[in-house]
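Asker: Here you go, sequence then predicted model.
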Amino acid sequence: MAPIPGAGPRPEGALPLAGQDGLWFAEVQKWGGGRMPAAALPEAARARLSAPRPAICGIPMDRPRLMGILNVTPDSFSDGGRHATLESALARAREMAAEVDILDIGGESTRPGAEEVSTSEEIARTAPVIRAIRAAGIGAPLSIDTRKADVAAAALDAGADMVNDVSAFRFDSAMAGLVAERGVPVCLMHSLADPQTMQAEARYDDVVAEVFDHLAERIALAEAAGIRRKRIIADPGIGFGKTLQHNLSLLAHLPLYHDLGTPLLLGASRKRFLGTIGEAPEAADRLGGSIAVALAGARAGVQIIRVHDTRQTRQALRVQAALNEAETW
């Protein structure tokens, strides 16, 4: 069931949306069509849609949180090479730590068409940066963006706090066991095939339902591996094996994914479909589109928004929150 979010004064019978401050829903859209009052929801469905989400890395999920992207790769689609040295990566980490809630560090590009990086190379790119961030006294939670268990293990040993796996354990079956053993949070993202071929595989009968079912299956697999649900985050995977229309459909139906009962992560920053819509061929010119999607995600109750432009997105979210609060005066 998909909650229909609202903001401002909460009407009688409305429920909080995933426990977030200032967001509520009074009706839900049923899978088979039609609507029903939120107050009429069965208890289990009510809990999935309205219960507060557990804190992630000690951060309450009571409002939208920012995850800042730190790519230490030479070939990322947006900022490849800008932070490929230890010094430049550390400098950017210092900046972002004052602007975001979580830093997400990646050493392998997963843009469409990207080639796989060896495990040893990915570790060499990421683990020293994480150690340097911790040695510099930066205490912000750190996420390692990787599909590989050995890379994740090295990052956790170096001081990372959580794992962001764009393959949701499809690429490396050892990842689920590692996350369970370490007891860390994990983000499970929907994607198809691998970065080299995923856009050629972008075919769905119903992208919204199929992404939901895939995420539900991966969450169940994670729990079966011993990962507690309170440590799981779900990500619909905007841009990963999706066309422009697929991405727009997912964004329009984001509230549905609260029915998974986990925090949601949205990562659409600077992606190609924003450039297509906004006539911005260069990734660095897609700030306006990126902020538009971030604000839409916040209105839909997304708990974690993953972005490149951290300062500007933080400002936009703070202004939106102030406007929402003003509606209650």
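Answerer: Looks like it came in fine.

Asker: So which residues of the protein form helices?
Answerer: 43-50, 86-97, 119-135, 149-158, 174-182, 207-224, 244-252, 272-278, 287-299, 310-326 (DSSP state H).

Asker: For those helices, state which one has the densest average packing.
Answerer: Of the helices of the chain, the one with the most neighbours on average (mean count of other Cβ atoms under 10 Å) is helix 149-158, at a mean of 22. From N, CA and C alone the C-beta is placed, and that goes for glycine too.

Asker: Touching that one from outside, list them.
Answerer: 105, 107-108, 119, 122-123, 126-128, 130-131, 134, 142, 144, 146, 160, 163, 165, 172, 174-175, 177-179, 182, 184 (Cβ atoms under 8 Å, 6 or more residues apart in numbering).

Asker: same question, stretch 284-294
Answerer: Contacts for stretch 284-294 (Cβ under 8 Å, 6+ apart): 78-79, 238, 251, 266, 268-271, 274-275, 277-278, 280, 305, 307-309, 312-313, 316-317.

Asker: What of stretch 6-19?
Answerer: 3, 5, 22-26, 37-39, 41, 46, 49-53, 61-62, 255, 258, 263-264, 299, 301, 303, 324, 327-328.

Asker: can you list the weak-confidence ranges in the stretch 51-200 of the chain?
Answerer: 75-84, 113, 193-198, 200 (pLDDT under 70).

Asker: ok, now with 90
Answerer: Per-residue confidence of the stretch 51-200 of the chain (counting by pLDDT under 90) places the weak regions at 73-88, 109-116, 192-200.

Asker: And the stretch 201-329 of the chain, by the same measure?
Answerer: Scanning the stretch 201-329 of the chain for pLDDT under 90 picks out the ranges 201-203, 323-329.

Asker: which residues touch stretch 49-62?
Answerer: With contact meaning Cβ under 8 Å, 6+ apart, stretch 49-62 is reached by 1, 3, 15-21, 25, 28, 38, 41, 65, 101-102, 141, 161-162, 185, 230-231, 233, 258-259, 261-263, 303-304.

Asker: filter those to the buried ones?
Answerer: Buried subset of the contacts of stretch 49-62 (neighbour count, 16 or more other Cβ atoms under 10 Å): 1, 3, 15-20, 25, 28, 38, 41, 65, 101-102, 141, 161-162, 185, 231, 233, 258-259, 261-263, 303-304.

Asker: quick one: contacts for the closest residue to residue 237 other than its chain neighbours?
Answerer: Of all residues not flanking residue 237 in the chain, residue 190 sits nearest, at 3.8 Å (Cβ to Cβ, 6 or more residues apart in numbering). For residue 190, the set of contacting residues under the criterion of Cβ under 8 Å, 6+ apart consists of 168, 211, 214-215, 218, 235-237, 240.

Asker: and if we set it to 10 Å?
Answerer: Residues near residue 190 by Cβ atoms under 10 Å, 6 or more residues apart in numbering: 166-168, 207, 210-215, 218, 234-238, 240-242, 250, 257.

Asker: what sits against the residue nearest the centre of the chain?
Answerer: Among the residues of the chain, residue 265 comes closest to the average C-alpha position under Cα atoms, centre = their mean, at 2.5 Å. Contact partners of residue 265, counting by Cβ under 10 Å, 6+ apart, are 56, 65, 67, 102, 104, 143, 164, 187-189, 233-237, 257, 297, 302-306.

Asker: Tell me the bridge partners for it.
Answerer: The bridge-partner assignment for residue 265, based on DSSP bridges, gives residue 304.

Asker: one step back: measure the residue nearest to residue 237 to residue 235 for me?
Answerer: Spatial separation of residue 190 from residue 235 under the definition Cβ to Cβ, to the nearest Å is 7 Å.

Asker: Identify the contacts common to these two.
Answerer: Both residue 190 and residue 235 are in contact with 166, 168, 211, 215, 257, where contact means Cβ under 10 Å, 6+ apart.

Asker: Need the residues you listed in a markdown table (columns: distance to residue 95).
Answerer: Written out in a markdown table, the entries for these read as follows (distance: Cβ to Cβ, whole Å):
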| residue | distance to residue 95 |
| --- | --- |
| 166 | 24 |
| 168 | 30 |
| 211 | 33 |
| 215 | 32 |
| 257 | 31 |
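
Asker: Going by distance to residue 225, which of those residues wins?
Answerer: Closest approach between the shared contacts of residue 190 and residue 235 and residue 225, by Cβ to Cβ: residue 168, at 11.9 Å.

Asker: pretty sure that closest one is touching residue 187, no?
Answerer: Yes - in terms of Cβ atoms under 10 Å, residue 168 counts as a neighbour of residue 187; the distance is 8.6 Å.
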